[in-house]
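Engineer: What would the 3D arrangement of this be:
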Amino acid sequence: MNLSALIAHYGYAAVLAGTMFEGETVLVLAGYSAHRGYLDFAAVAGIAWLGAVAGDTFFFWLGRRHGQRLLARRPALRSRVEAALGLIDNHPVTIVLTMRFMWGLRMALPIAIGLGRMSWRRFAALNALSAALWAPLVAAVGWSFGALLTAHVAALQRYEHWVMAAIAAAALLLRAALRRR
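Structural biologist: Sure thing, here's the model as predicted:
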């Protein structure tokens, strides 16, 4: 099975799983794959919206139900959540609407919001709106990147699968290195 068949078969599942966490790289690659015809752009954006909402809702719930215990066991997360709490207290609506654009705080912010006083309904509505803006925007970056590359580098088609695999591997390695730190 070649890479394009793997993308067509597992691409949507990868988008769902990737966007439940900090999934910008996955979503940009999915947007590129949609441009190449391996995936449907509307489906990518819809699944990314679903994954982002589900992931942030889970982390909000985690903060609401288990936040204090989680912070006691994970000091690195505690410092990020405490920094986020100051922002949340001053600008709760702005933070929820922009949290998925704040790389590195994507999981910490919903946990911190769950620790705060915001109601689940208000969080859910703002989170859904934020994901509705984020998903097509980030996927469109991948689509545009694909259009730019296609227009300027016709020979890329022979190597695109390897380039996409290398980008995904580099993102995983970077994430693992940052997590180790």
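Engineer: packing partners for the one helix or strand A125 maps to?
Structural biologist: Here A125 sits within helix 120-152, counting by DSSP states H and E. Where contact means 3 or more CB pairs under 8 Å, 6 or more residues apart in numbering; DSSP states H and E, helix 120-152 is packed against helix 24-36, helix 41-73, helix 92-98, helix 108-115. For glycine as for every other residue, the C-beta is placed from the backbone atoms N, C-alpha and C.
Engineer: CSV please, covering those and showing mean neighbour count and mean pLDDT.
Structural biologist: Below are the helices and strands packed on helix 120-152 laid out as CSV (neighbours: other CB atoms under 10 Å; pLDDT from 0 to 100):
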stretch, mean neighbour count, mean pLDDT
helix 24-36, 24, 91
helix 41-73, 19, 92
helix 92-98, 17, 89
helix 108-115, 25, 86
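Engineer: List the buried residues of the next helix or strand after the helix holding A125.
Structural biologist: Once the chain leaves helix 120-152, the next helix or strand it forms, by DSSP H and E, is helix 160-180. Neighbour-count burial for helix 160-180, counted by 16 or more other CB atoms under 10 Å, picks out E160, H161, M164, A171.
Engineer: Wait, the first one touches R36, no?
Structural biologist: Yes - A contact is recorded between E160 and R36 when judged using CB atoms under 8 Å, the distance being 7.1 Å.
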